[in-house]
Structures are given as structure tokens and as C-alpha cells.
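# What follows is a predicted protein model with its sequence.
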Amino acid sequence: MKKVIFILLVLVAASGTWAVAQDQPTKEYLENYSKVMERTQWWREARFGMFIHFGAYAVPARGEWVKSNERITSEAYQKYIDAFYPGQFDAKEWARLAKAAGMKYAVLTAKHHDGYCLFDSKLTDYKLSSRFDGRDLVREFLDAFRAEGLKVGLYFSIIDWHHPDYPNVGNHPQRDDKEYAKRKFDWDNYLKYMHGQVKELVTQYGKLDIMWFDYSFDDYSGEKWKARELVDMVRKYQPGIILDNRLEAHVGLTAGKRNISLLGDFETPEQGIPDGPILDQYGNPIPWETCLTLNNHWGYHELDKNWKSPELVIQSLVNCVSKDGNLLLNVGPDARGLIPDESVAILEEVGKWMKRNSESIYGAGSCRLPKPDWGRYTRKSNNLYVHWMHPNIGQLNAQGVPDDKIKNIFMLHSGAELSWVKNWWGNMDEGNLFINTGDSPEKPLPYDTVIRIEMKE
């Protein structure tokens, strides 16, 4: 694929300078890096996915961490397990919504921290299928989303607040229970159970595109989980699968030297978007994905009405793509198995925008232009996409785009041609590119009006 080389006065990322390579990577590092970039190519082109946090915690309806936050014992939590019967769950409806929103993949919680399985594990009876007329909710999810042409992934918690051999460490509900701590915990037995459940998922549910492990903390990281053995086993049965980085303690949005790991293919900033592309210490891009809630909780919360607007969701998606990242947007179905009406309405609005503008998202990434006051840029091949998000006084100045490389400028949603000039109203600065967008300071379409600048080859 041919690429346009933009001649710029400054070479900066979306909001900061690009890193300068330090030292030299080893041959082994480069080989692993090449494999990671090959495995994640489809995912980096997809850019937009659905996260689904679903489980018995939808019954208390106070978020997925209710057992930990309220320090509920497994015995007391059992009433929520007994009451959890998502009779209106319809995987096909979920899949249709994700596809209509413009999402290209989806990740479902096969098991969250409470240890309750949505898949038909043969290693425990602590599972929905035993109480759901034998239905395997995970299998229904996978079948439905695959049928819509979407890639599929499973979230799996490597911690387990229910298993008797998992100690009361970290955020365990009984972390301060001194009597509970006196129990004898067989860590090797827990690892055997945890690895065994992962093996069930990667051997009995067809091709999986993503495995999303969660999470490491303090000393419970890496080889504490026998992570190398776990990854080797997963890749043995699912050679093309991509893995997140949470078998190790992830670094989130923090700065510092980073490297592509042997234990994961992409980084997972949570509830925030990095200031620029994530790079390794050698200056190479690292695949990353922001996971984001639609309100303030991952699992269903009856009283949380702090919904993000369609505009914020769309602009967050563009923000991620402009920095070579993905957005994994979460929905938390209620205890009946229904995605909340507010979530549906937001995703439907996002889908309307994506229907006309997805060209600026799928397969697109960053460009080395300074972030403008009025919005952001994304780039794909010979096309530069101007995302006009905020009110602008005067003509839209895409400063830094070389005018001698421009072939055409169009409104993306309609294909209407737009004119442009280098100088406007006495502004003679070097590098100007004033696009004629009319007399109003407001963008003509809601959320984000996209302009495509087609560059010469």
C-alpha cells in the first residue's frame, strides 16, 4: 500500500513530541514485536469493539465489584447466584446492536472476579448453565456474534473470590478477615483450576480472536500465575489469538519505558485515553486499547445514570484512533439479560454517525500533525481525515498539510467538494490551509463533521 509522506514544519504526535529511540532492541525483541504486529493487524484496523460485563452481580445491581466493595462472603453472595436467571437474554439481539453501532469485535466476561462462570465449565458447579436450563451463555454469545461477522473474545478473571484455594489478598471480599486468613490455601491447586478453565475455553468453543485476562497486582503478577505456561497453552490451541497485557501488572496511562511483552500483545489503559500514541522505548508503536464504561460502572448499576453522550463516545473513539489506539466500549446488561435502554440509544446514535463516517475510523491511525483547536486528525493511506468537533471562528485551518500534495477535499458524509486557500483575511502564515466550510462557527453535522483531504500519490 502506498503512503503519502507529509512534509511538515514540525514532527509531533497528536499532542506531544514523538519519542526518540533509546539503545537498540535485541533480535529476539524484534522477532516478537513482528509477530505481535502481525497478529494484531486485523484488530488495529477494526478500532472499535464492545465490552460486555455480565454476571450475577446484575442482581444486587450495584456494580461488578459489589462483593468486594461491600465485603460480602460467598455464603451471603449466594442469594444473588440463586436469583440470577437472565430469561430475556438474546445473544442475537446483542450482536445486532454491536454491528449496527459500527463495532467490529466483542469481548464477554466468561468469568469475573466473583468466580461465577457464564460458560459450562466441567471443573465447577459454580456456573450459570446449572441454573439456566443447561444453556451455555458463552456459546450462545460466540455463535451469535460470529454469525454477524464480528470477531469474538472472552474476558477471564485470573483472580477468583469464590475458590477455596484463592487467598484473601488484594481486593478479596474477606481481605481483613483474620480467621479466614488462617485457612490453608493450596496455590498450586488454584493454578491448576484456573489454567484448566482457560484450557476449556480455548479448546471447546471454536476459534477465539481475543483472550482478555484480568488482572495482576503487587506480587501476583507474571510467573506467580505461571503466565508463560498459560500463554504457551493458549497459543498451542489458538495460534492466532491476541492477548491483553494483564497477566502482568499493566502501566495504564503512566509514562516510562515500555516494551512489547511475551505475555501480551496490547496495552489496556482503563477509563482514560493516553496523551499520544503509546511507544516502546525504541520509538516503535505499541498496540493499545482504551476500555471505557458508558456510565461509571462495568456491571449493571440501577442508580448510575451518569451516561456518556453519543458525542463524547464518538469523540473518544476518534481520539483513540488519532493516537493509533482502539476503543472497547462497555455495556452492562441487567439481571434479565437486557442491555439498558440508555445504552441502546447511545449506541444507535453512534451507529448513525459510523454509517457515514466509518471510513475515517477503520484502518485509520495517527498523522504527524499538531492537534488543532477545532478537533483532531486521523489518516489512512492517501487520505487525511479532518474531524471538526468544536466551534471554529473563520475558515477551518488544517495547518501543516502541504498544499502541493492535495488532490481533492470533500465532505465525507456527502461527497460534496470543498474549496480551500492558503491565505485568508490577511493571515499569511507558512503552512496554512484554509478549508471553506461556510459562515457558521458551528460544525454542520452533530458530534463530529468529517472532511476528507485526498492527497496525491
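That came in fine, so what should we check first? Numbers count the residues shown, from 1 in each chain.
# all contacts plus neighbour counts: C-alpha atoms, from now on.
Fine.
# And the helices in the stretch 101-250 of the chain?
Using DSSP state H, counting those that start in this stretch, the helices of the stretch 101-250 of the chain run over 137-147, 178-181, 187-204, 227-237.
# elements contacting the last one?
In this structure, helix 227-237 packs against helix 187-204, with contacts taken as 3 or more CA pairs under 8 Å, 6 or more residues apart in numbering; DSSP states H and E.
# Pull up the gap between L208 and A95, please.
Computed as CA to CA, to the nearest Å, the L208 to A95 distance reads 16 Å.
# Just give me the neighbour total for the residue nearest to K184 when sequence neighbours are not counted.
Nearest non-adjacent residue to K184, counting by CA to CA, 6 or more residues apart in numbering: D165, 7.7 Å away. By other CA atoms under 10 Å, the residues close to D165 number 18.
# In contact with D165, which residues?
184-187, 189-190 (CA atoms under 8 Å, 6 or more residues apart in numbering).
# Highest neighbour count among those residues?
Neighbour-wise, these (other CA under 10 Å) top out at Y190, 20 neighbours.
# Contacts only, for that one.
163, 165-166.
# Include pLDDT when you put the residues you listed into CSV, please.
Output for those, formatted as CSV (pLDDT from 0 to 100):
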residue, pLDDT
H163, 98
D165, 98
Y166, 98
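# which one of those is nearest K405?
Y166 (60.9 Å; CA to CA).
# Any figure for the gap between the closest one and L208?
27 Å.
# what's the answer for I409, then?
40 Å.
# so where do the strands sit in the stretch 51-200 of the chain?
Using DSSP state E, counting those that start in this stretch, the strands of the stretch 51-200 of the chain run over 105-111, 151-157.
# tell me the angle of the first one relative to strand 151-157?
Here strand 105-111 runs at 30 degrees with respect to strand 151-157, directions being taken by axes from the mean of the first three to the mean of the last three CA atoms, to 10 degrees.
# re the thing from before, so L208 and A95 - more neighbours on which side?
When L208 and A95 are compared for neighbours, A95 comes out ahead with 25 against 20, by other CA under 10 Å.
# Would you check that that one makes contact with E148?
Yes - A95 lies in contact with E148 (CA atoms under 8 Å); the separation is 6.6 Å.
# what about the protein, any weak spots by pLDDT?
By pLDDT under 70, the low-scoring segments of the chain are 1-22, 252-256.
# buried ones in stretch 78-93?
80-81, 84-86, 89-92 (16 or more other CA atoms under 10 Å).
# Reformat these as a markdown table; add distance to K405.
Rendered in a markdown table, the data for those read as follows (distance: CA to CA, whole Å):
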| residue | distance to K405 |
| --- | --- |
| Y80 | 62 |
| I81 | 62 |
| F84 | 60 |
| Y85 | 60 |
| P86 | 57 |
| F89 | 53 |
| D90 | 50 |
| A91 | 48 |
| K92 | 46 |
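# now, which of those residues lie within helices?
When the buried residues of stretch 78-93 are checked against helices (DSSP state H), the matches are 80-81, 91-92.
# can you give me phi and psi for F434?
Backbone dihedrals for F434, given as degrees, to the nearest 10, come out at phi -90, psi 120.
# three-state assignment of the residue nearest to the spatial centre of the chain?
With distances taken as CA atoms, centre = their mean, L328 lies nearest the centre of the chain, 2.6 Å away. At L328, secondary structure determined by DSSP: H, G, I helix; E, B strand; the rest coil is strand.
# Now do the same contact list for it.
Neighbours of L328 in contact, by CA under 8 Å, 6+ apart: 48-51, 289-292.
# one more time with 6 Å
Contact analysis of L328 by CA atoms under 6 Å, 6 or more residues apart in numbering lists 49-51, 291.
# Pick the one among the residues you listed closest to K355.
Distances from K355 to those, taken as CA to CA, are shortest for G49 (15.3 Å).
# Go through the helices of the stretch 101-250 of the chain and pick out the most buried.
helix 137-147 (a mean of 20; mean count of other CA atoms under 10 Å).
# how's the protein carved up into domains?
Following automatic domain parsing, one gets these domains for the chain: 24-358, 375-455.
# Quick check: the residue lying closest to K111 once chain neighbours are set aside vs G170, distance?
Excluding the flanking residues, the one nearest K111 by CA to CA, 6+ apart is C117, at 4.7 Å. With distances taken as CA to CA, C117 is found 21 Å from G170.
# Those two: which is more packed in?
C117 (25 against 15).
# give me the beta-bridge partners of that one?
K111, K127 (DSSP bridges).
# Please look at it and S129 and confirm they touch.
No - if you go by CA atoms under 6 Å, C117 and S129 don't touch, sitting 8.4 Å apart.
# would JSON lines of the strands of the stretch 51-200 of the chain with distance to Y220 and mean neighbour count be doable?
Formatted as JSON lines, the strands of the stretch 51-200 of the chain follow (distance: least, CA to CA, whole Å; neighbours: other CA atoms under 10 Å):
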{"stretch": "strand 105-111", "distance to Y220": "19", "mean neighbour count": "25"}
{"stretch": "strand 151-157", "distance to Y220": "13", "mean neighbour count": "23"}
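# right, so of those strands, which gets closest to E417?
Nearest of these (CA to CA): strand 105-111, 33.4 Å.
# CA atoms only for that closest one, dumped as CSV, please.
This file holds the C-alpha atoms of strand 105-111, laid out as CSV (Å, rounded to 0.1, in the frame of the first residue of the first chain):
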residue,chain,number,x,y,z
TYR,A,105,-15.5,-7.2,17.7
ALA,A,106,-16.8,-8.0,21.1
VAL,A,107,-15.5,-9.3,24.4
LEU,A,108,-17.7,-11.0,27.0
THR,A,109,-16.9,-11.8,30.6
ALA,A,110,-16.8,-15.6,30.7
LYS,A,111,-15.9,-15.3,34.4
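# Give me the contacts around that strand.
49-53, 117-118, 150-157.
# One more pass at 8 Å, please.
Applying CA under 8 Å, 6+ apart, the contact partners of strand 105-111 are 46, 48-55, 98, 117-119, 138, 141, 145, 150-157, 210, 212.
# cool, and stretch 217-232?
So stretch 217-232 is contacted by 158, 170, 191, 195, 216, 247-249, 262-263 (CA under 8 Å, 6+ apart).
# what's the span of that stretch from first residue to last?
End-to-end for stretch 217-232, by CA to CA: 22 Å.
# Minimum distance to S366: which of the domains of the chain has it?
Nearest of those (CA to CA): domain 24-358, 4.4 Å.
# end-to-end on the closest one?
Domain 24-358: ends 37 Å apart by CA to CA.
# Equivalent analysis for stretch 285-303, please.
Distance between the two ends of stretch 285-303: 40 Å, counting by CA to CA.
# Mind listing what's buried along it?
Buried, per 16+ other CA under 10 Å, within stretch 285-303: 285-301.
# who does L384 bridge with?
Where L384 sits in a bridge, its partners, by DSSP bridges, are R379, I453.
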